[in-house]
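In: structure for this input, please:
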Amino acid sequence: MMVTAFLSVVAVREPDPVEYVDIECQPAAISVDCNNVQMVPLKLKALHRSGADAALLDVFWRLHVQSAGKDLGTADSPGASSEWEYYLPSDKWGNADSVIVEAYRDSARETLLAQKRISIVRQNPSPFPVDGDWKPLPFKYKNGEYFLDKTLGFIFMWMNPVPGNSDKHPFFDVAQNPDTTSWKSTQEYPLLGTQLLLARKIDADLIDVDNLRVKHLDGADGDFTGSVTATEGYIGAFKITNRGLENEKENPTATLRIGKDGGKFFEVNVSSGAMCGIRGDGITALSLSAYGDHSTGVKVMAQAGYDTCAIEAQGNVDLNARSGESVRISRLRASGFAAGVRNLGSSIMSAPPSYTVSDTDDIIIYGGPDLSFDPTLFLPSSAVTGRIVYLKNQLNRNVWVKGPLMNANNRGTTNASSINQISCFFIFDGSHWIHFYCG
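Out: Numbers count the residues shown, from 1 in each chain. Purely as a prediction, here's the structure:
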């Protein structure tokens, strides 16, 4: 008996992976404080997903800022990018509750690839009463300010971080625009009493609150562990102004002194001989720096008058201009001047075959043992106009001076001149070194 078996092979094709564009948002919700300031940016990322794989995708972003489903405004990215960070402006859209994030393929924002809604979480303001009835425009209410309308029996609070007002009484604005109004009204006095305190005077041993806003505060003393902001008043003898702290009087009494270890201090209006005094034993008393074009490290002016000096110094003065720079002094009167001397050769060392004058060489002296060649001195092709270089040749050979030269006997120019055992000097006129002989 023979048994016959049949084997069938069926090929199953895997389905194509699903492809789509995904938007990732960090954080998941936008948080703003009671001043409409967003502390953490909204970070957006566009991903092209294919099954389990994902890759960044450049898109054109558009944000719709909304309140109760209605657009307050839009914001577009400056170009195509796979990632974008955005901050809500603090001066508008104070009652926005969500942002619609859209990713488009084209700059005209016609082909929509993906869309996502982000909620806006707002910090509740600190309530603060405003005297009187409603004040129409141009008066603007600040976030948390409220007033009691005794006729209507309602309390109206401005609930928008951006200062503003409605063009009609809040009672009608709330009734006619319930979804977009920035006013919040309540007639529930028991509930309101747990949030707002309507009183002319508080008499208590202790008031423990997270936020306190008052128009005038008198106290004997106080300890502060956080920041303090003030726009007027006094700190000691200093008056708080919109420019900072001031003490402007014929005889100002305010002083400032920072001292350390006796020999280090900074003081203002302490001594009768100087308005400001600085001392730093063993350190630099005052360090000033200026970088970039048109910068000045120190600028001093003393009005012309008897015994008047812009700068008076005692002790060593070190002015060191770097290569390519210079110390410029007009109408200089000096005594005890010392120039920079460069000795080429000594009793034990011969002069070098060639040498190029540097910007710190004023006097060049050739000397040393006898030579079998004429050494060469190179003058630079450019230098500060008026630069002077003196040359003294004590060798048994001539010295060749090379560079853009102007002859001593006429206005002819040359590139080289042989100097024998004489003294001479060269002055740079901006293009040539003019040759002069010493008498």
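In: host element of residue 258?
Out: strand 256-260 (DSSP states H and E).
In: show me what that strand is packed up against.
Out: strand 264-268 (3 or more C-beta pairs under 8 Å, 6 or more residues apart in numbering; DSSP states H and E). Where C-beta positions appear, they are placed from N, C-alpha and C, glycine not excepted.
In: the strand it packs on vs strand 256-260, what angle?
Out: Counting by axes from the mean of the first three to the mean of the last three C-alpha atoms, to 10 degrees, strand 264-268 points 180 degrees away from the direction of strand 256-260.
In: for strand 264-268, give the mean pLDDT please.
Out: For strand 264-268, the per-residue pLDDT values average out at 82.
In: for the strand holding residue 258, which positions count as buried?
Out: Neighbour-count burial for strand 256-260, counted by 16 or more other C-beta atoms under 10 Å, picks out no residue.
In: what lies in contact with that strand?
Out: Residues outside strand 256-260 that contact it (C-beta atoms under 8 Å, 6 or more residues apart in numbering) are 265, 266, 267, 268, 269, 270.
In: what sits against residue 237?
Out: When contacts are counted by C-beta under 8 Å, 6+ apart, residue 237 touches 247, 252, 253, 254, 255.
In: give me the buried subset of those.
Out: With burial judged by 16+ other C-beta under 10 Å, the buried subset of these is 247, 254.
In: which one of the contacts of residue 237 is nearest residue 305?
Out: Comparing the contacts of residue 237 against residue 305 with C-beta to C-beta places residue 252 closest, at 23.6 Å.
In: chain center to the strand holding residue 258, what's the gap?
Out: Strand 256-260 sits 28 Å away from the centroid of its parent chain (C-alpha atoms, centre = their mean, to the nearest Å).
In: kindly report the same for stretch 371-382.
Out: Here stretch 371-382 is found 51 Å from its chain centre; the criterion is C-alpha atoms, centre = their mean.
In: let's have the chain start at 26 instead
Out: Sure, I'll start counting at 26 from here, so that last one is stretch 396-407.
In: how about that stretch as PDB, C-alpha atoms only?
Out: Provided in PDB are the C-alpha atoms of stretch 396-407 (Å, rounded to 0.1, in the frame of the first residue of the first chain):
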ATOM      1  CA  LEU A 396      84.300  91.400  10.000                       C
ATOM      2  CA  SER A 397      85.100  90.100   6.600                       C
ATOM      3  CA  PHE A 398      81.700  91.200   5.200                       C
ATOM      4  CA  ASP A 399      79.400  94.300   5.200                       C
ATOM      5  CA  PRO A 400      76.400  93.500   7.400                       C
ATOM      6  CA  THR A 401      72.900  94.600   6.300                       C
ATOM      7  CA  LEU A 402      70.400  96.600   8.400                       C
ATOM      8  CA  PHE A 403      66.800  96.400   7.100                       C
ATOM      9  CA  LEU A 404      64.500  99.300   7.800                       C
ATOM     10  CA  PRO A 405      60.800  98.200   7.800                       C
ATOM     11  CA  SER A 406      58.700  99.200   4.800                       C
ATOM     12  CA  SER A 407      56.100 100.700   7.100                       C
END
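In: report the rounded mean pLDDT for it.
Out: Rounded mean pLDDT across stretch 396-407 is 94.
In: which of the contacts of strand 281-285 count as buried?
Out: Taking 16+ other C-beta under 10 Å as the criterion, what is buried in those is 290, 291, 292, 293, 294.
In: would you list every one of the helices in this protein?
Out: Per DSSP state H, the chain carries helices over the ranges 195-201, 214-218.
In: and the residue nearest to residue 108 when sequence neighbours are not counted, how many neighbours?
Out: Spatially, and ignoring its direct neighbours in sequence, residue 108 is nearest to residue 70 (5.1 Å; C-beta to C-beta, 6 or more residues apart in numbering). The local packing count at residue 70 equals 18, with neighbours defined by other C-beta atoms under 10 Å.
In: and residue 462, how close does it get to residue 445?
Out: 11 Å (C-beta to C-beta, to the nearest Å).
In: my guess is residue 96 meets residue 118, correct?
Out: No - if you go by C-beta atoms under 8 Å, residue 96 and residue 118 don't touch, sitting 10.2 Å apart.
In: just the pLDDT at the residue nearest to residue 108, thanks.
Out: 92.
In: residues in contact with it?
Out: 48, 49, 50, 51, 81, 107, 108.
In: quick one, what contacts the closest residue to the fifth one other than its chain neighbours?
Out: What it means is residue 81. Nearest residue to residue 81, sequence neighbours excluded (C-beta to C-beta, 6+ apart): residue 107, at 3.8 Å. For residue 107, the contact set (C-beta under 8 Å, 6+ apart) comprises 70, 71, 81, 82, 83, 84.
In: rewinding a little: weakest of the helices of the chain by average pLDDT?
Out: Mean pLDDT values for those show the minimum at helix 214-218, a mean of 47.
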